[in-house]
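>>> Give me the fold of what follows.
(4 chains)
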Protein chains: 2
Amino acid sequence: MSLPSAHHHPAPTASHLPQQLAQAGLRATRQRVLILESLLVLPGHPTAEQVHQHVRAQVESISLGTIYKTLDSFVAAGLTRRVASAEGSARRYDADCTEHHHLFCTDTQEIIDYCDPQLDALIRDFFAARGLPDFQPHSFSLHVKGNRLTGAATAASEDSAT
Amino acid sequence: MSLPSAHHHPAPTASHLPQQLAQAGLRATRQRVLILESLLVLPGHPTAEQVHQHVRAQVESISLGTIYKTLDSFVAAGLTRRVASAEGSARRYDADCTEHHHLFCTDTQEIIDYCDPQLDALIRDFFAARGLPDFQPHSFSLHVKGNRLTGAATAASEDSAT
DNA sequence: ATCTTTGCGGAGAATAATTCTTAGCTGTGT
DNA sequence: ACACAGCTAAGAATTATTCTCCGCAAAGAT
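Presented below is the predicted three-dimensional model:
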């Protein structure tokens, strides 16, 4: 993805994934490291199923149930987020827990991270000024629907599923 | 809900629901009117299951499959929306198709509609000005997490978001 | 090093959510 | 009345998610 302000994961330096897990109070097993890595590596925001496919490439035997359980524990530990999506029926996960926004491509179902401090400030200021009387906002996430204009509008939609 | 800018459905005037359906090119059957009405009446943003329960009160025999199919056709006709939610696994529907935003109460899991043309303009202008190079946005929905201050829990935390 | 405790992973069954298929009914136009 | 179209009902089929149970392997204590 080449959106200028798109959020950059701090480089998939697989080296510190175990640390991240440890910090979160989770054992850094091979499986977990691979699952966490999948979230960083897979395009968009993968489903449990997609993570499963990906991890299977390395650990033949891993089961889908384990993926679900592990992703749940990541979410509980604050290591991962669930992304809200109105489309599709499967849950999507996001390794990035910093505050950021999402672009939803209506063509490809892709979910693209979008990080923009200016936008954050704009929204924060707006609510600070307006002040909701009955509600204390505490985090904001903007969902932008639209379509991607990849110069090569190619349906490069390769889904290595299955 | 008493948020001043909270969106108000144009009063559940059941009388014009058939019209709405007709306008959308759908036959105004008893079942459909009831389903549409349920979306307006049920608190929060109901699941297909909840709509089913509610409609059953009047039409004993209606099946869950019909609810799903009907809601799908409503969505296709632009009469209803699917609400994106990171929590839970069931789809949530919203009878209100005007552009609006959502406040998610982290205490009660409640989803409150929030409609604010100024905010809409602010966001639209922001993106018009910034211009995403690879993406053509076409609708925006802000998800605000926080908690409701129902007079009771107020004094506690007074920290402005970040 | 061995024992123990505990969390983790694997398998598959169980449950929940959603879609599909088929058939029958109802209203409309002729 | 007849044929057509769209709708509903019912239930099977699929897909998504959770749960349970068991053996294993790592971390701590002796």
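>>> Check the gap between the residue lying farthest from the centre of chain A and B:Glu110 for me.
Going by CA atoms, centre = their mean, the residue of chain A most distant from its centre is A:Pro133, 32.1 Å out. Taking CB to CB, to the nearest Å as the measure, A:Pro133 and B:Glu110 are separated by 16 Å. C-beta: built from backbone N, CA, C; applies to glycine.
>>> One more: A:Thr106?
28 Å.
>>> same deal with A:Ala121?
Distance, A:Ala121 to B:Glu110, by CB to CB: 27 Å.
>>> before we move on, what about A:His52?
33 Å.
>>> Looking at those two, which is more packed in?
Neighbour count, other CB atoms under 10 Å in any protein chain shown: between A:His52 and B:Glu110, A:His52 has more, with 19 against 15.
>>> residue contacts, that one?
Taking CB atoms under 8 Å, 6 or more residues apart in numbering or on different chains, we find A:His52 in contact with A:Ile62, A:Ser63, A:Leu64, A:Ile67.
>>> Please say whether there is contact between the helix or strand containing the last one and chain B.
Going back to what we said before, that points to A:Ile67. If you go by DSSP states H and E, A:Ile67 is part of helix A:64-76. No. Figure legend: helix A:64-76 not in contact with chain B (CB under 8 Å from any CB of the partner chain); closest approach 9.3 Å.
>>> same thing with stretch A:99-115?
Yes. Judged by CB under 8 Å from any CB, stretch A:99-115 and chain B are in contact via A:Leu103, A:Cys105, A:Thr106, A:Ile112, A:Tyr114.
>>> Out of the residues you listed, which one has the weakest pLDDT?
Minimum pLDDT across those is recorded for A:Thr106, with 80.
>>> how many other residues sit next to A:Ser61?
A count of nearby residues for A:Ser61, using other CB under 10 Å, gives 7.
>>> Need the three-state assignment for it.
Using DSSP: H, G, I helix; E, B strand; the rest coil, the structure places A:Ser61 in coil.
>>> okay, now the domains of chain A?
In terms of domains, chain A is parsed into A:12-97, A:98-149 (source: automatic domain parsing).
>>> Looking at those, which is nearest to DNA strand D?
With CB to the nearest atom of the strand, the closest approach to DNA strand D among these belongs to domain A:12-97: 3.2 Å.
>>> Is any residue of that closest one near DNA strand C?
Yes. Remark: domain A:12-97 sits within contact range of DNA strand C at A:26-27, A:29, A:31-32, A:59, A:61-63, A:65-66, A:69-70, A:73, A:89, by CB under 7 Å from any atom of the strand.
>>> Quick check: mean pLDDT of that domain?
Per-region confidence: domain A:12-97 scores 89 on mean pLDDT.
>>> Same list as before, the domains of chain A that is, but in a markdown table and with distance to DNA strand D included.
Formatted as a markdown table, those follow (distance: least, CB to the nearest atom of the strand, whole Å):
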| stretch | distance to DNA strand D |
| --- | --- |
| domain A:12-97 | 3 |
| domain A:98-149 | 12 |
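>>> Reformat the ones you listed as a markdown table; add distance to B:Asp96.
Output for those, formatted as a markdown table (distance: least, CB to CB, whole Å):
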| stretch | distance to B:Asp96 |
| --- | --- |
| domain A:12-97 | 14 |
| domain A:98-149 | 16 |
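>>> And stretch A:125-144, what's buried?
For stretch A:125-144, the buried set under the neighbour-count rule, 16 or more other CB atoms under 10 Å in any protein chain shown, comprises A:126-127, A:132, A:134-138, A:140-144.
>>> what sits against A:Gly88?
A:Thr47, A:Gln109.
>>> so what strands line up beside the top strand by length along chain A?
What stands out as the longest strand in chain A, according to DSSP state E, is strand A:135-148. Next to strand A:135-148 in the sheet, as set by DSSP bridges, lie strand A:101-105 (parallel), strand B:135-148 (antiparallel).
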